[in-house]
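In: need coordinates for the below:
(2 chains)
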There are 2 protein chains.
Amino acid sequence: MAGSSEGKKSNAKANIGGKKKEVKKETGLGISNKKDENFGEWYSEVVVSGEMIEYYDISGCYILRPWTMSIWEIMQTFFDAAIKKMKIKNCYFPLFVSPGVLEREKDHIEGFAPEVAWVTKSGKSELEVPIAIRPTSETVMYPYYSKWIRGHRDLPLKLNQWCNVVRWEFSNPTPFIRSREFLWQEGHTAFATKAEADTEVLEILELYRRIYEEFLAIPVIKGKKSELEKFAGGHYTTSVEAFIPTTGRGVQGATSHCLGQNFAKMFEINFENEKGEKAMVWQNSWAYSTRTIGVMVMVHGDDKGLVLPPKVASVQVIVIPVPYKDADTQGIFDACAATVNTLSEAGFRVEADFRDNYSPGWKYSHWEMKGVPLRIEIGPKDLANSQVRVVRRDNSAKIDISMANLVEQVEELLANVQQSLFDVAKQKRDACIQIVKTWDEFVEALGQKKMILAPWCDEEEVEKDVKARTKGEMGAAKSLCSPFDQPELPEGTICFASGKPARKWTYWGRSY
Amino acid sequence: MAGSSEGKKSNAKANIGGKKKEVKKETGLGISNKKDENFGEWYSEVVVSGEMIEYYDISGCYILRPWTMSIWEIMQTFFDAAIKKMKIKNCYFPLFVSPGVLEREKDHIEGFAPEVAWVTKSGKSELEVPIAIRPTSETVMYPYYSKWIRGHRDLPLKLNQWCNVVRWEFSNPTPFIRSREFLWQEGHTAFATKAEADTEVLEILELYRRIYEEFLAIPVIKGKKSELEKFAGGHYTTSVEAFIPTTGRGVQGATSHCLGQNFAKMFEINFENEKGEKAMVWQNSWAYSTRTIGVMVMVHGDDKGLVLPPKVASVQVIVIPVPYKDADTQGIFDACAATVNTLSEAGFRVEADFRDNYSPGWKYSHWEMKGVPLRIEIGPKDLANSQVRVVRRDNSAKIDISMANLVEQVEELLANVQQSLFDVAKQKRDACIQIVKTWDEFVEALGQKKMILAPWCDEEEVEKDVKARTKGEMGAAKSLCSPFDQPELPEGTICFASGKPARKWTYWGRSY
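Out: Numbering: from 1, shown residues only, chains lettered A, B, ... in the order given. All right, here's what the predicted structure looks like:
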């Protein structure tokens, strides 16, 4: 039965007829922090009370509960099928890396070294050589790419793996967003030509955009990272960038890197081309992680808890019987079961909550907290009128629909909720975008938690300077990306930070 | 194009017309070790040449290549759907365990301690407390079961995770069969009553039987492990046991444990039952791993390489054009493409090998080595007769089938290969089963690499004694399982090893 299988800590008793506020208090339901007032506490509370996360006894590690995993699996099913169509194949490389290999690419190891966890013992014995746990798998995989790739017929080599990685960070662990272990997919591909690599970078980025926009209902901006922010050891990095209006922080949603020939040089990944000449491969790597789910919670969640987009919700519709003393209780329960059957056969993910130890009101709050997109209530009046009452989680709208049109209307409503979540999120995000042209405007916009679009000279030293000048309690500002969709840049436009000629429009802000 | 995407190390050149033996030598194809002569070397060669495994630079760790992962994913799709029907939900718990928790259950930690890998450093800093990497997740999960389970309505709690685990073993690493990191699923469930737990143990065991028998075409015996061989800290262990006739070794295929209330006691997993009394939960845990794939290679592989059962083969049918100088090459290629289309649309996993730098003979050997169940050859004569030639990987039988009946016949042939692989494996396995009643017969049968069924008193000391008395170069004998399907045990039957009254029939042998 819905809600009974994962277990819940609650002393709640049925409390029909109590005042709503009091019921909530007594049952321990409801979110005590407000999203706009204490965002950090609100977020922790929502992911725990929504049964997505349980905090773990090792700091920075989190338990991903079924409510999380079903979202992850839905995205995984989409992405895995999409890359298989692109002839990318799944593999699994070891968790462990030997130090010599890890340190082969200098810039790369500089980027990751401080966060690498080391195994030095097994049982009671010291290992002869410490062994690293992968923070990412470039150096794990590429020695074998060098072995497997000999001639142009061995290219392209396109592999992906679904796995866990470990980055032992010390700054502010946050569930999903910044954790010491996380789940992701990492794709690693090698091509004969730069053109093929460039094309794939963007094909993958488009899949990432679709995960955010079509599945998670979160608007993202596609663009290129600055030299300072690109992947350690890579050639260039593209990303989808999301934004959290409540905190005014950008968040890197997923990245698709062209590694160029840097790793190929270090790992000697050469091939004989069609002319019989020796050449180096061009490589990409790309990844998205469970961070996606954290961004979803931050963008859509509200003071009642999680708000799940229908496409990723493991329960899209929750059906709740609303019996009254003198009413035909059995008839109501039967109607609920019939509703579940009808919707389930039509392909929706639907459950009923028949538990007899909770009041309908308690159940409303419970499933609101868990973010289920639609609630169907069936009471005596509904039964009499052959209708059900549908309540939308996103905007609390109540709609009575006839049992005869159940499937069509639920389908339409779910599509509507999905679109509406995106539209509202986009509207809020867009309202945060501020175009600035001068340093003063920049500082003011930053103080107003904006996602700042500014003309920039694209010089690394200038970005370092911006970081230094904005350092403070809230964290420094940095470039988020230079959007592919560039507004016009009139000749003579100058950089907001350096006064030098601007070369492109770039988004700036604080970020996660 | 088939075969081009994963990359291959080979200096092979097309060599049409060379003698077959010589072509093989020249191209480096073919397995140089014989299964019956050098089993260990044969196995290593087959998993590498079949492109399932690449050896890794850390001993005991292996790279699982796409040819492996597709088999793993097919089994995963089956098993994941089956347990979801049983209302078991997926979750993900951290890779890391703190030492205090790991050591909570005494018998359990004694079983795993020598193999635990420890993280003691991150970046250049020593951790305050060393952190263990999960060898299995009982101790990772159960503190949270204690938190989540309060009342009888929170039960059953049924979770599963797909993940990697690490056991830093030092004895004989073998790809798939004994590796320091491996992939598995681990299910962990808690019930109010022993009866529910007992029932689930067997339901899961039946799924494991189906993975082996229906997917991997490997006969297994269901039974109960002895006290000495059961899971460390558990109540009782059931397993499916396979057997490798070539080496005369049993192999534990997968295990479904009833943990009883041992862990519940240590981790204080209590609940209030329907009468309002405090009670302890009954728990199960169960797992199967990538070891399954190693057993498949060992059982079905032959001197030409891998032999894949159609149900798990990522390519079920490989289509190879066999052009001749004066023949209508384009017509042959078109017929191959049409064959692929027809079979692919009918739902088969099929590819064509159009590479122009390899001879048909080379391709035959290549796809035989990779174990593809059916090969379709299309030459000028086939084209003229609107037929294709099908060659079975399992028994080399050649069948000409009309293009008109392609789909039906291929379907029938694949089903036939699947069944035939099982039947042959069962016949070979059954031929190894030897019933013994005395110690002398036991020793003789052990020397003949048998899977020995013997009446046993079921005493732990006696099993220890059997181990001690059979110690030697080949490894000691141990009990494999007491089969659920027990032959009659006439009163007065005595134990083969102790001379005490026998209590059950039990399988014995050397094992992996």
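In: all contacts plus neighbour counts: C-alpha atoms, from now on.
Out: Fine.
In: return the distance of residue A:124 relative to residue A:57.
Out: For residue A:124, the distance to residue A:57 equals 23 Å [CA to CA, to the nearest Å].
In: out of these two, which sits in the more crowded spot?
Out: residue A:57 (15 against 12; other CA atoms under 10 Å in any protein chain shown).
In: who's in contact with the residue lying closest to that one once chain neighbours are set aside?
Out: Spatially, and ignoring its direct neighbours in sequence, residue A:57 is nearest to residue B:98 (7.6 Å; CA to CA, 6 or more residues apart in numbering or on different chains). Residues in contact with residue B:98 (CA atoms under 8 Å, 6 or more residues apart in numbering or on different chains) are A:57, A:58, B:130, B:131, B:132.
In: so for the nearest residue to residue A:58 once chain neighbours are set aside, what's the pLDDT?
Out: With sequence-adjacent residues excluded and distances taken as CA to CA, 6+ apart, residue A:58 is closest to residue B:98, at 7.0 Å. pLDDT for residue B:98: 95.
In: what of the one 10 residues further on?
Out: In this prediction, residue B:108 carries a pLDDT score of 86.
In: go on, the one 3 residues further on?
Out: Here the pLDDT value assigned to residue B:111 is 87.
In: ok, now residue A:308?
Out: Looking at residue A:308, its pLDDT stands at 98.
In: confirm it sits in a strand?
Out: No - counting by DSSP: H, G, I helix; E, B strand; the rest coil, one finds residue A:308 to be coil, located in no strand.
In: so the residue lying closest to it once chain neighbours are set aside is in which element?
Out: Leaving aside its sequence neighbours, residue A:308 sits nearest to residue A:371 (CA to CA, 6+ apart; 5.0 Å). Using DSSP states H and E, residue A:371 falls within no helix or strand.
In: try residue A:265
Out: Here residue A:265 is assigned to helix A:262-267, by DSSP H and E.
In: buried ones in that helix?
Out: A:262, A:263, A:264, A:267 (16 or more other CA atoms under 10 Å in any protein chain shown).
In: show me what contacts the nearest residue to residue A:273 once chain neighbours are set aside?
Out: Take residue A:273 and drop its neighbours on the chain: the residue closest to it by CA to CA, 6+ apart is residue A:152, 5.1 Å away. Neighbouring residues of residue A:152 by CA under 8 Å, 6+ apart: A:192, A:271, A:272, A:273, A:274.
In: now swap in residue A:422 and tell me
Out: Residues near residue A:422 by CA under 8 Å, 6+ apart: A:213, A:217, A:218, A:219.
In: one more: residue A:442?
Out: If you count contacts by CA under 8 Å, 6+ apart, residue A:442 has them with A:436, A:452, A:496.
In: what's stretch A:393-405 in contact with?
Out: Contacts for stretch A:393-405 (CA under 8 Å, 6+ apart): A:307, A:368, A:371-375, A:385-392, A:409, A:417, A:421.
In: can you tell me which of those end up in strands?
Out: A:374, A:375, A:387, A:388, A:389, A:390, A:391, A:392 (DSSP state E).
In: let's have those residues in TSV, adding neighbour count and distance to chain B.
Out: Output for those, formatted as TSV (neighbours: other CA atoms under 10 Å in any protein chain shown; distance: CA to the nearest CA, whole Å):
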residue	neighbour count	distance to chain B
A:374	28	22
A:375	26	22
A:387	20	30
A:388	24	27
A:389	19	28
A:390	23	26
A:391	21	27
A:392	20	26
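In: kindly reformat the residues you listed as a markdown table containing distance to residue B:252 and pLDDT.
Out: Output for the ones in strands among the contacts of stretch A:393-405, formatted as a markdown table (distance: CA to CA, whole Å; pLDDT from 0 to 100):
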| residue | distance to residue B:252 | pLDDT |
| --- | --- | --- |
| A:374 | 47 | 98 |
| A:375 | 48 | 98 |
| A:387 | 56 | 97 |
| A:388 | 54 | 98 |
| A:389 | 54 | 98 |
| A:390 | 52 | 98 |
| A:391 | 52 | 98 |
| A:392 | 51 | 98 |
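In: and which of the residues you listed is nearest to residue A:429?
Out: For the ones in strands among the contacts of stretch A:393-405, the minimum distance to residue A:429 (CA to CA) is 22.2 Å, reached by residue A:392.
In: just how off-centre is stretch A:437-450 within its chain?
Out: Remark: stretch A:437-450 is offset 27 Å from the chain centroid, using CA atoms, centre = their mean, to the nearest Å.
In: what of stretch A:294-308?
Out: Here stretch A:294-308 shows a centroid-to-chain-centroid distance of 12 Å under the convention CA atoms, centre = their mean.
In: same thing with stretch A:194-205?
Out: The answer for stretch A:194-205 is 22 Å, by CA atoms, centre = their mean.
In: CA-only coordinates of it in CSV, if you can.
Out: Extracted in CSV, the C-alpha atoms of stretch A:194-205 (Å, rounded to 0.1, in the frame of the first residue of the first chain):
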residue,chain,number,x,y,z
LYS,A,194,38.3,17.4,-34.3
ALA,A,195,35.1,18.0,-36.3
GLU,A,196,33.5,14.7,-35.1
ALA,A,197,34.5,15.5,-31.5
ASP,A,198,33.0,19.0,-31.7
THR,A,199,29.8,17.7,-33.1
GLU,A,200,29.4,15.1,-30.3
VAL,A,201,30.1,17.6,-27.6
LEU,A,202,27.0,19.5,-28.7
GLU,A,203,24.8,16.4,-29.3
ILE,A,204,25.4,15.4,-25.7
LEU,A,205,24.9,18.9,-24.4
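In: which parts of that stretch are buried?
Out: Buried residues in stretch A:194-205 (16+ other CA under 10 Å): A:194, A:197, A:198, A:200, A:201, A:202, A:204, A:205.
In: what residues does the first one make contact with?
Out: Yep, that's residue A:194 we're talking about. Applying CA under 8 Å, 6+ apart, the residues near residue A:194 are A:260, A:282.
In: quick one, grab the pLDDT at it.
Out: Looking at residue A:194, the pLDDT reads 98.
In: same question for the third one.
Out: In the prediction, the pLDDT value recorded for residue A:198 is 98.
In: helix, strand, or coil at the spatially closest residue to it that is not a sequence neighbour?
Out: Nearest non-adjacent residue to residue A:198, counting by CA to CA, 6+ apart: residue A:258, 6.9 Å away. Of the three states, residue A:258 takes strand under three-state DSSP.
In: gap between residue A:258 and residue A:286?
Out: Distance from residue A:258 to residue A:286, by CA to CA: 8 Å.
In: do residue A:193 as well
Out: Remark: distance between residue A:193 and residue A:286 (CA to CA) = 18 Å.
In: quick one, which of those two is more surrounded?
Out: residue A:286 (24 against 16).
In: what's near enough to touch that one?
Out: Counting by CA under 8 Å, 6+ apart, residue A:286 has contacts A:186, A:187, A:188, A:201, A:204, A:254, A:255, A:256, A:257.
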